[in-house]
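Enquirer: Give me a model of this one.
(chains A, B, C and D)
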Number of protein chains: 2
Amino acid sequence: MARWEPGTSERLRAAALELFASNGYEQTTAADIAGAVGLTERTFFRHFSDKREVLFNGQEQLIESFLAGISAAPDDAAPMDLVAAALESGTALFAHERRPFSRLRQSVIDRNPALQERERHKMSGLAATIGDALRARGVPEPAATLAAESASTVFGIAFTQWIGDGETRSLTDIARDVLAELRGMVGGRG
Amino acid sequence: MARWEPGTSERLRAAALELFASNGYEQTTAADIAGAVGLTERTFFRHFSDKREVLFNGQEQLIESFLAGISAAPDDAAPMDLVAAALESGTALFAHERRPFSRLRQSVIDRNPALQERERHKMSGLAATIGDALRARGVPEPAATLAAESASTVFGIAFTQWIGDGETRSLTDIARDVLAELRGMVGGRG
DNA sequence: GTCTATAGTGCGATAGAC
DNA sequence: GTCTATCGCACTATAGAC
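Expert: Below you'll find the predicted structure:
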């Protein structure tokens, strides 16, 4: 019998989401979350560098998935092809069953400016990492940054649609449509 | 003779930038900044809702300038024409003389993750406001959001170039080039 | 202007796993 | 013995309430 249960971070995250959803983010202290899983505030901060992080940890695989799509693309792929490849791969993580969880989490974030700020920061980090991958493949500036930011923007818009009321399409399908819309809008008629 | 000096916010902002630049953001307390201009910590927080805000207040005219460009565009302008108009107008605020100040301010931000987070948040607010303006002009979704985010991205990339070492072009000229690059990249050859 | 709650840090002590 | 997760306590700064 272990002295400490495994998966402490996961349990803290689950408890945090639950408490944030029912009592509000600001009304929930770090000590409340820790207490809910039988730990102390100090331990909470060992697992998460700050209180917001408890809602944003575990996104590493999202980044990895975007990067995997880029790695798998053919050598002669244009920047926008790499964006498409990254989106195909990155959006595949969001299975239909995940929608209720994503909706709940987003509703918490949408009600708090500090959390929105952190969310933007994370999306920005995603774009930066994609940009690095593109530059590593030889995409020059400013194309690499433009492409990376476009991928992040398309993902964000698609995600918002995906968790929208009554939406049933897959995130991947939505992202394809949004990307097509971007191509049409920027490319124009000519 | 006034009871207190006018331009308190401005003096606090100037003192803050100076202290952040020389001592670091985290090493500078709100009380330090207030003390530097003969005020108390409490007064600092009456002028700025939080410590980071002291570096980001005063960007309202940037937003207004972007919106003015959109308002002035012809009725039949396409979304990307509106992006171009917004950028022309918004970038015009950054006169050459402002470069040293912008460089110093950015160097402070670049050295602190919390400030980068706030910066992203502000850029995000800019994109959201542009998006509102586009929707008000009848641009549908997701084109409005895509265009607004593109404007914000182009501005960000152009700004980074503008404060780069040895750069002499105007921000407006750089933004034009970056926007052209975006058009070329997304539009592709066809 | 004062008072207070909370976020977040630093450090030493403890106690199981190995 | 080492390693690591936890606790407990003291502490500062932010930020908001009064």
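
Enquirer: can you give me the helices in chain A?
Expert: A:8-23, A:30-36, A:41-47, A:60-71, A:79-91, A:99-110, A:113-136, A:143-162, A:171-187 (DSSP state H).

Enquirer: Let me have those helices in CSV, adding distance to residue B:68 as columns.
Expert: For glycine as for every other residue, the C-beta is placed from the backbone atoms N, C-alpha and C. Below are the helices of chain A laid out as CSV (distance: least, Cβ to Cβ, whole Å):
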stretch, distance to residue B:68
helix A:8-23, 39
helix A:30-36, 44
helix A:41-47, 46
helix A:60-71, 37
helix A:79-91, 32
helix A:99-110, 30
helix A:113-136, 25
helix A:143-162, 24
helix A:171-187, 22
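
Enquirer: right, and those - which one's nearest chain B?
Expert: helix A:171-187 (3.5 Å; Cβ to the nearest Cβ).

Enquirer: So residue A:32 sits against residue A:19, correct?
Expert: Yes. The pair residue A:32 / residue A:19 is scored as a contact, 6.0 Å apart, by Cβ atoms under 8 Å.

Enquirer: who has more neighbours, these two?
Expert: Legend: neighbour count by other Cβ atoms under 10 Å in any protein chain shown for residue A:32 and residue A:19, higher for residue A:19 (19 against 16).

Enquirer: what about the closest residue to that one other than its chain neighbours, distance to residue A:105?
Expert: Closest residue in space to residue A:19, ignoring its immediate chain neighbours: residue A:28 at 4.5 Å, by Cβ to Cβ, 6 or more residues apart in numbering or on different chains. Distance, residue A:28 to residue A:105, using Cβ to Cβ, to the nearest Å: 14 Å.

Enquirer: for the residue nearest to residue A:19, what are its contacts?
Expert: A:16, A:19, A:20 (Cβ atoms under 8 Å, 6 or more residues apart in numbering or on different chains).

Enquirer: With pLDDT and distance to DNA strand C added, can I get those residues in a markdown table?
Expert: Compiled in a markdown table, the contacts of residue A:28 are given as follows (pLDDT from 0 to 100; distance: Cβ to the nearest atom of the strand, whole Å):
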| residue | pLDDT | distance to DNA strand C |
| --- | --- | --- |
| A:16 | 98 | 11 |
| A:19 | 98 | 11 |
| A:20 | 98 | 11 |
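
Enquirer: Which one of the residues you listed is nearest to DNA strand D?
Expert: Comparing these against DNA strand D with Cβ to the nearest atom of the strand places residue A:16 closest, at 14.8 Å.

Enquirer: Can you pull up the residues of chain A that come close to DNA strand D?
Expert: Contact residues (Cβ under 7 Å from any atom of the strand) of chain A with DNA strand D: A:4, A:8, A:34, A:38, A:39, A:40, A:42, A:43, A:46, A:47.

Enquirer: Enumerate every residue touching the residue nearest to residue A:34 when sequence neighbours are not counted.
Expert: The shortest distance from residue A:34 to any non-neighbouring residue, by Cβ to Cβ, 6+ apart, is to residue A:44 (4.2 Å). Shown in contact with residue A:44 (Cβ under 8 Å, 6+ apart): A:12, A:30, A:31, A:33, A:34, A:54.

Enquirer: again, but for residue A:123
Expert: Going by Cβ under 8 Å, 6+ apart, residue A:123 touches A:152, A:155, A:156.

Enquirer: before we move on, what about residue A:131?
Expert: Shown in contact with residue A:131 (Cβ under 8 Å, 6+ apart): A:144, A:145, A:147, A:148, A:149.

Enquirer: Throw those into a markdown table and include distance to residue B:87, pLDDT and neighbour count, thanks.
Expert: Converted to a markdown table, these look like this (distance: Cβ to Cβ, whole Å; pLDDT from 0 to 100; neighbours: other Cβ atoms under 10 Å in any protein chain shown):
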| residue | distance to residue B:87 | pLDDT | neighbour count |
| --- | --- | --- | --- |
| A:144 | 20 | 98 | 22 |
| A:145 | 16 | 98 | 23 |
| A:147 | 19 | 98 | 25 |
| A:148 | 19 | 98 | 28 |
| A:149 | 15 | 98 | 27 |
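
Enquirer: for chain A, what are the low-confidence residue spans?
Expert: Across chain A, the ranges flagged by pLDDT under 70 are A:1-3, A:189-190.

Enquirer: how about the residues of chain A that lie near chain B?
Expert: Of all the residues in chain A, those in contact range of chain B (Cβ under 8 Å from any Cβ of the partner chain) are A:78-80, A:113, A:116-118, A:120-121, A:124, A:142-143, A:145-147, A:149-150, A:153-154, A:156-157, A:161, A:178, A:181-183, A:185-188, A:190.

Enquirer: repeat that with 7 Å
Expert: Within chain A, the residues that sit near chain B (Cβ under 7 Å from any Cβ of the partner chain) are A:78-80, A:117-118, A:120-121, A:124, A:142-143, A:145-147, A:149, A:153, A:157, A:178, A:181-183, A:185-188.

Enquirer: Run through the residues that contact the residue lying closest to residue A:88 once chain neighbours are set aside.
Expert: Distances taken as Cβ to Cβ, 6+ apart place residue A:69 nearest to residue A:88, at 5.7 Å, with adjacent residues excluded. With contacts defined as Cβ atoms under 7 Å, 6 or more residues apart in numbering or on different chains, the neighbours of residue A:69 are A:85, A:86, A:88, A:89, A:90.
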